[in-house]
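A.B. asks: please work out how this folds:
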Amino acid sequence: MRFRESVPVKNIKGKPIRTAALVFITALLSLTVLGGTLIVTSLRTGLDSLESRLGADIMVVPYEAATKSDLENIVLQGNTGYFYMDNAYAQEVAQCEGIGQLSCQFFLASASSSCCSIPVQIIGFDPDTDFTISPWIKKSYNKELQTLDVVVGNDLNAFVGDTLTFYGQECQVAAKLDKTGTSYDTTVFANEETIKALIRSSVDLKMNTFSNVDPDTTVSCILINADEEHTVEEIVNDINLHVKKVKAIRTKEMISGVSDSLSGVSDIIGILIGAVWLFGAVILLLAFKLSVNERRKEFAVFRVIGASRGKLAGIVMSEALLTGAIGGVIGIVIGLIAVIPFNNFIEESLGLPFLLPGAASIGAYVIMALAASVAVGALAAAVSAFRISRIDTGLILRGDN
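C.D. replies: Just a heads-up that it's a prediction; the model follows:
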């Protein structure tokens, strides 16, 4: 046993260039598996989080807003913006058949605040009717928001007890929300009284381009859940047919663009992983094959001094396992460093929701990546180990004399 344990280590140390090449390849394999899996999983988790945060079947917005290309950016990507319509439309929409739940929201783009280096999106909601934001906020803050109380997204540099100033109004941070991997991580939430006060202040200070906006008689959008007796499509068609100057949109239609982008990114990552693995497996197979050919005399000498064919095969397999483990660990460390600290940058670069999985899931992916990189090296080495078991010792030694 000592023979099999010591010789592989000495062989690895004695051939640093060959060892470095094998370690590099296995590191690349584990890096692509772990990094690719983390990115795809985080994108899918982020999309699920976005869908749950929207929390409504239908969104009704002013018709002009529905025709603008930045509507999806404001709602899904968190780009700062706003649009308003008379709340009489909300009363008119409420008369349509099939309305199970209905609540209004208010959008406001802030100027640079003390919590942010860039403007942030502020969303106001009515706690009495809201069914999308309130259940989520209650996980972090199970109290009633007072006037000028705000709840901040996880990525904002603000904490409970801080005071933030928006349009001359000092707001108290009541809670900080959990990470979602969506635009809501850089959004500020407030109740109806607070958002109306902020809109009124922004108009008084002439800090926004809109004018003649009365916050007491305007809303930005209407969120609707269908009742059990009507389909979403029926309600959308009814609203668009009978309520003028508004546009009803299925929220899933808004998400479909994000979902299509996610599918495209996932496919590209999958192709890259497959290509890297195919390339890596071929290179490992050739590397071990060349290594065995170079060491045929060495293995023949081992046979002469009493080493069995199984021990020779064991040497090659042990070397493969060692280099695979070392390379796998290196690739995993690089993958974790490349993805976890830079998850916000990845989200911004891809323009898609991005939410890292939990520690347990990441641990499982680490084990999977390590096992996969070691396994592919071992399989490549197994082919060479089989060749070793069939070498003719006498013929090799005679041929070298």
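
A.B. asks: just the helices in the stretch 251-400 of the chain please.
C.D. replies: Assigned by DSSP state H, counting those that start in this stretch, the stretch 251-400 of the chain shows helices spanning 251-294, 296-304, 309-339, 343-350, 359-388, 393-400.

A.B. asks: lowest average pLDDT across those helices?
C.D. replies: When the helices of the stretch 251-400 of the chain are compared by mean pLDDT, helix 393-400 comes last with a mean of 52.

A.B. asks: output the longest strand belonging to this protein.
C.D. replies: Scanning the chain for the longest strand, with DSSP state E as the assignment, gives strand 99-109.

A.B. asks: which elements pack onto it?
C.D. replies: Packing partners of strand 99-109 (3 or more CB pairs under 8 Å, 6 or more residues apart in numbering; DSSP states H and E): helix 88-94, strand 121-125, helix 192-204, strand 218-219, strand 221-226. C-beta coordinates here come from the backbone N, C-alpha and C atoms, glycine included.

A.B. asks: most packed of the helices of the stretch 251-400 of the chain?
C.D. replies: Burial of the helices of the stretch 251-400 of the chain is given as mean neighbour count (mean count of other CB atoms under 10 Å); helix 309-339 ranks first at a mean of 21.

A.B. asks: which secondary structure elements does that helix contact?
C.D. replies: Using 3+ CB pairs under 8 Å, 6+ apart, helix 309-339 is in contact with helix 2-14, helix 16-54, helix 251-294, helix 296-304, helix 359-388.

A.B. asks: could you dump these into JSON lines and include distance to Glu192?
C.D. replies: As requested, these are exported to JSON lines (distance: least, CB to CB, whole Å):
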{"stretch": "helix 2-14", "distance to Glu192": "68"}
{"stretch": "helix 16-54", "distance to Glu192": "19"}
{"stretch": "helix 251-294", "distance to Glu192": "21"}
{"stretch": "helix 296-304", "distance to Glu192": "80"}
{"stretch": "helix 359-388", "distance to Glu192": "38"}
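
A.B. asks: list the buried residues in the longest strand of the chain.
C.D. replies: 99, 101-109 (16 or more other CB atoms under 10 Å).

A.B. asks: could you tell me the angle between it and strand 121-125?
C.D. replies: Orientation of strand 99-109 against strand 121-125 (axes from the mean of the first three to the mean of the last three CA atoms, to 10 degrees) gives an angle of 150 degrees.

A.B. asks: now strand 99-109 against strand 221-226, angle please.
C.D. replies: Per the same axes, to 10 degrees, the angle that strand 99-109 makes with strand 221-226 is 160 degrees.

A.B. asks: please shift the residue numbers so they start at 863 in all later answers.
C.D. replies: Happy to do that; since the first residue is 863 now, the last one works out to strand 961-971.

A.B. asks: please work out the average pLDDT along strand 961-971.
C.D. replies: 90.

A.B. asks: from the chain's centroid, how far away is that strand?
C.D. replies: Counting by CA atoms, centre = their mean, to the nearest Å, strand 961-971 is centred 27 Å from the centre of its parent chain.

A.B. asks: that one: partners in the sheet, and parallel or antiparallel?
C.D. replies: strand 983-987 (antiparallel), strand 1083-1088 (antiparallel) (DSSP bridges).

A.B. asks: what angle do helix 1054-1066 and that strand make with each other?
C.D. replies: Counting by the same axes, to 10 degrees, strand 961-971 lies at 40 degrees to helix 1054-1066.

A.B. asks: separation between the closest residue to Ile999 other than its chain neighbours and Leu1026?
C.D. replies: Among residues not flanking Ile999 along the chain, Val1013 sits closest, at 5.5 Å (CB to CB, 6 or more residues apart in numbering). Distance of Val1013 to Leu1026, given as CB to CB, to the nearest Å: 11 Å.

A.B. asks: now for these two: what residues contact both?
C.D. replies: 1035, 1050 (CB atoms under 8 Å, 6 or more residues apart in numbering).

A.B. asks: now do the buried residues in stretch 946-962.
C.D. replies: Buried residues in stretch 946-962 (16+ other CB under 10 Å): 946-947, 951-952, 954-955, 958, 960-961.

A.B. asks: output the host helix or strand of the residue nearest to Ile999 as PDB, restricted to C-alpha atoms.
C.D. replies: Using DSSP states H and E, Val1013 sits within strand 1011-1014. Provided in PDB are the C-alpha atoms of strand 1011-1014 (Å, rounded to 0.1, in the frame of the first residue of the first chain):
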ATOM      1  CA  ASP A1011     -41.900  55.500   6.700                       C
ATOM      2  CA  VAL A1012     -40.200  53.600   3.900                       C
ATOM      3  CA  VAL A1013     -38.900  50.100   3.300                       C
ATOM      4  CA  VAL A1014     -35.700  49.700   1.200                       C
END
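
A.B. asks: next structured bit after that strand?
C.D. replies: Moving toward the C-terminus from strand 1011-1014, the next helix or strand (DSSP H and E) is strand 1025-1028.

A.B. asks: show me the contact partners of the helix or strand just after that following strand.
C.D. replies: Using DSSP H and E, the helix or strand that follows strand 1025-1028 in sequence is strand 1031-1038. For strand 1031-1038, contacts defined as CB under 8 Å, 6+ apart pick out 999, 1002-1003, 1005, 1007-1008, 1010-1016, 1018, 1020-1027, 1052, 1056, 1059-1060, 1063.

A.B. asks: pull out the buried members of these.
C.D. replies: Of these, these count as buried by 16+ other CB under 10 Å: 999, 1003, 1007, 1010-1015, 1018, 1020, 1024, 1026, 1052, 1056, 1059-1060, 1063.

A.B. asks: out of the helices and strands packed on helix 1171-1201, which is closest to Glu1095?
C.D. replies: The stretch from these with the least distance to Glu1095 (CB to CB) is helix 1113-1156; that distance is 10.7 Å.

A.B. asks: residue contacts, the nearest residue to Glu1055 once chain neighbours are set aside?
C.D. replies: Distances taken as CB to CB, 6+ apart put Thr1009 closest to Glu1055, at 4.5 Å, once the chain neighbours are dropped. Contact analysis of Thr1009 by CB under 8 Å, 6+ apart lists 1053, 1055-1056, 1059.

A.B. asks: assign a three-state SS to Thr1009, would you?
C.D. replies: coil (DSSP: H, G, I helix; E, B strand; the rest coil).

A.B. asks: any idea how far it is from Asn949?
C.D. replies: For Thr1009 relative to Asn949 (CB to CB), the value is 19 Å.

A.B. asks: having no further points to raise, I will conclude here.
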